[in-house]
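quick one: sequence and predicted model below, then my questions.
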Amino acid sequence: MRPHLSAPSDVLVTKGGAEIHELRIRRADSAGESVLIEDSGTVVGSVGIRRTDTAAALHDLAVAESWRGMGLGRLLVAAALLILRAEETPYVTVADPGPAAEWFGALGFTPDGDLLRREVTGGYDEVETVGQIADLQVDFARTGTRVRWDPSFTALLQFAQHHGVDTDSLCWAGVCGTCAVRIKQGTVSYEVPPQAEPGEGEVLLCVSRPTTPLVLDL
């Protein structure tokens, strides 16, 4: 069973294609409910959740400047949706999104008067929910294949082979490193921490899933 946000879960994200950080997603209730993403105890992203009589609203979504472009905003929205789905909240809104309106629109939020609104949905965990709410495309650069990510797949290796992209593989468990492939662009999360250490700028396909649009050297 994949981790659910009812208990804190760890997300491993490749940063800059080579460096790996262990990010913890957790709920905080000290100053109103919020979802935090921490890197070694330092908050690098957050979003607030405010309840209304019939729904909920997201507010003050923020990601540290050095972490922008890594998909953390999507993870925060996905984490909030998981919480609200567990409470059977029907929909969530965002007030006055300003220049972020287009970004929220890419996650399925649509105009509703002065607000943006979307129905609450989610997967087994934050990363699967990102795959459901965001249009994540996976490009296999060498073969010229571009396919929308399907979160029903457990890992990129299974996804690639399903779409006819030849990949080297052996253990399917992040142990041997045979499936290591260079990331040309994008960010992934690891389903489990890999035991084999990929080379600089590489990712192990057998235990990883995309959190942003992805270009692989395959």
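Sure, I can see it. Numbers count the residues shown, from 1 in each chain.

residue 73 is in what secondary structure piece?
Taking DSSP states H and E as the definition, residue 73 sits inside helix 72-86.

give the buried residues for the next helix or strand after that helix.
The helix or strand immediately downstream of helix 72-86 is strand 91-95, counting by DSSP H and E. For strand 91-95, the neighbour count (16 or more other CB atoms under 10 Å) marks 91, 92, 93, 94 as buried. Where you see a C-beta, it was placed from the backbone N, CA and C, and this is true even at glycine.

state the distance from the third one to residue 80.
Yep, that's residue 93 we're talking about. 12 Å (CB to CB, to the nearest Å).

okay, and the common contacts of those two?
residue 58 (CB atoms under 8 Å, 6 or more residues apart in numbering).

pretty sure residue 164 is in contact with residue 145, am I right?
Yes. At 7.5 Å, residue 164 and residue 145 qualify as touching, with contact defined as CB atoms under 8 Å.

which of the two has more neighbours?
Neighbour count, other CB atoms under 10 Å: between residue 164 and residue 145, residue 145 has more, with 15 against 10.

now do the contacts for the more buried one.
With contact taken as CB under 8 Å, 6+ apart, residue 145 is in contact with 139, 163, 164, 165.

can we see that at 10 Å?
Listed by CB atoms under 10 Å, 6 or more residues apart in numbering, the contact set of residue 145 reads 138, 139, 160, 163, 164, 165, 216, 218.
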